[in-house]
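Undergrad: The following block contains a protein sequence and its predicted model.
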Amino acid sequence: MDIRVIVPTYNEKENIADLVARLLALPINAQVIVVDDNSPDGTGQIADELARQTGRVSVIHRAGKLGLGTAYIAGFKKGLAEGADRLITMDADFSHDPSYIPGLVELSRYYHITIGSRYVPQGGVRNWEQHRRFLSWGANFVARSTLGLQAKDCTAGFRCYHREVLESINLDTIFSNGYSFLVEMLFKCQRAGFTTGEIPIIFANRERGTSKISQNEIFKAMYTVGRLALSRFKPRPKLSVSTLPAPPNSDRHVAGETVS
């Protein structure tokens with residue numbers, strides 16, 4: 001299986017070398033695509049050196065801070081062009097622990113999209129202030145109830161996509177950027193008939209570097225939910241979606257139900 005891990009970066013010089021080392025050490029032989037938005041701290045140059053050293057890292061340099069959504073799309077297009085079977089997205093700040101990735105890949109045998117979820121049994125967050133817990137929970141509640149999304153963690157950026165999903169969704173038509181991109185992407189995938197499964201993760205607040213989340217991102221996400229809600233009752237796209245094997249019995253949570 002050809003696996004690409006897409007890591008958007010902006011001022012992550014304190015994290016990128018350690019993160020890439022841990023990703024390359026995973027027992028799945030993944031390759032890493034760093035999408036750097038012209039980081040002033042030199043993250044892109046560090047990534048270039050890692051690419052020269054390992055041969056399993058590639059770097060996309062962008063002109064400036066163009067947003068999370070377009071960074072993911074740039075990584076998707078590169079990974080697809082290179083023949084990837086699975087494309088994984090994650091943060092560069094170790095809030096997403098690389099050790100969960102083999103679990104995401106394993107679950108992808110049974111689901112088209114797999115999510116590292118904070119809001120399933122045994123999932124959670126660490127080192128979060130109370131107001132951030134409330135905002136995150138509230139954003140997920142509104143997205144699920146308004147858009148009918150089945151996943152418990154609709155705003156999670158720690159995901160594994162089948163190639164088929166990204167080839168079927170017209171990525172250039174996704175209007176949202178930033179973290180609201182994650183909600184719109186999940187909405188489009190679910191409407192197209194793709195299945196979603198979740199594994200529990202502990203999301204840890206970054207210890208090095210500066211958080212990129214702003215209050216403006218919350219307002220963008222709410223706008224995105226409202227905009228998508230208007231299209232919820234339009235005819236669904238007619239796509240031919242592959243049938244995957246049923247998951248074995250487990251207590252792992254999947255979107256919409258708990259398998260036991």
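TA: Perfect, I can see it now.

Undergrad: Can I get the helix or strand hosting Met222 as CSV, trimmed to CA atoms?
TA: According to DSSP states H and E, Met222 maps onto helix 215-231. Output in CSV follows, covering the C-alpha atoms of helix 215-231 (Å, rounded to 0.1, in the frame of the first residue of the first chain):
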residue,chain,number,x,y,z
GLN,A,215,-11.6,33.2,16.9
ASN,A,216,-12.1,34.1,13.2
GLU,A,217,-11.8,30.4,12.3
ILE,A,218,-14.8,29.7,14.5
PHE,A,219,-16.9,32.3,12.7
LYS,A,220,-15.8,30.8,9.4
ALA,A,221,-16.8,27.4,10.5
MET,A,222,-20.3,28.6,11.6
TYR,A,223,-20.7,30.3,8.2
THR,A,224,-19.7,27.1,6.4
VAL,A,225,-22.2,25.1,8.3
GLY,A,226,-25.0,27.5,7.5
ARG,A,227,-24.0,27.6,3.8
LEU,A,228,-23.9,23.8,3.5
ALA,A,229,-27.2,23.4,5.4
LEU,A,230,-28.9,25.1,2.4
SER,A,231,-27.6,22.4,0.1
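
Undergrad: ok, and what's touching that helix?
TA: 135, 139, 142-143, 146-147, 155, 175-180, 183-184, 187 (C-beta atoms under 8 Å, 6 or more residues apart in numbering). (Glycine included, C-beta is placed from N, CA and C.)

Undergrad: Any regions of the stretch 101-250 of the chain where pLDDT drops low?
TA: Within the stretch 101-250 of the chain, the segments meeting pLDDT under 70 span 206-218, 249-250.

Undergrad: which residues of it fall in helices?
TA: Per DSSP state H, counting those that start in this stretch, the stretch 101-250 of the chain carries helices over the ranges 101-107, 130-147, 163-168, 180-191, 215-231.

Undergrad: Mind giving me the packing neighbours of the shortest one?
TA: Going back to what we said before, that points to helix 163-168. helix 68-81, strand 86-89 (3 or more C-beta pairs under 8 Å, 6 or more residues apart in numbering; DSSP states H and E).

Undergrad: now those in a markdown table, with distance to Tyr161?
TA: Formatted as a markdown table, the helices and strands packed on helix 163-168 follow (distance: least, C-beta to C-beta, whole Å):
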| stretch | distance to Tyr161 |
| --- | --- |
| helix 68-81 | 8 |
| strand 86-89 | 5 |
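
Undergrad: Nearest to Tyr111, out of those?
TA: strand 86-89 (11.5 Å; C-beta to C-beta).

Undergrad: Who are the packing partners of the closest one?
TA: Packed next to strand 86-89, using 3+ C-beta pairs under 8 Å, 6+ apart, are strand 3-9, helix 68-81, helix 101-107, strand 159-162, helix 163-168.

Undergrad: buried set for the fourth one?
TA: Applying a neighbour-count criterion of 16 or more other C-beta atoms under 10 Å, the buried positions in strand 159-162 are 159-162.

Undergrad: How far off centre is that strand?
TA: Distance, stretch centre to chain centre, for strand 159-162: 8 Å (C-alpha atoms, centre = their mean, to the nearest Å).

Undergrad: Next, count neighbours for the residue lying closest to Leu80 once chain neighbours are set aside.
TA: Counting by C-beta to C-beta, 6 or more residues apart in numbering, Leu80 lies nearest to Leu166, which is 6.1 Å off, once chain neighbours are set aside. Neighbour count for Leu166, taken as other C-beta atoms under 10 Å: 20.
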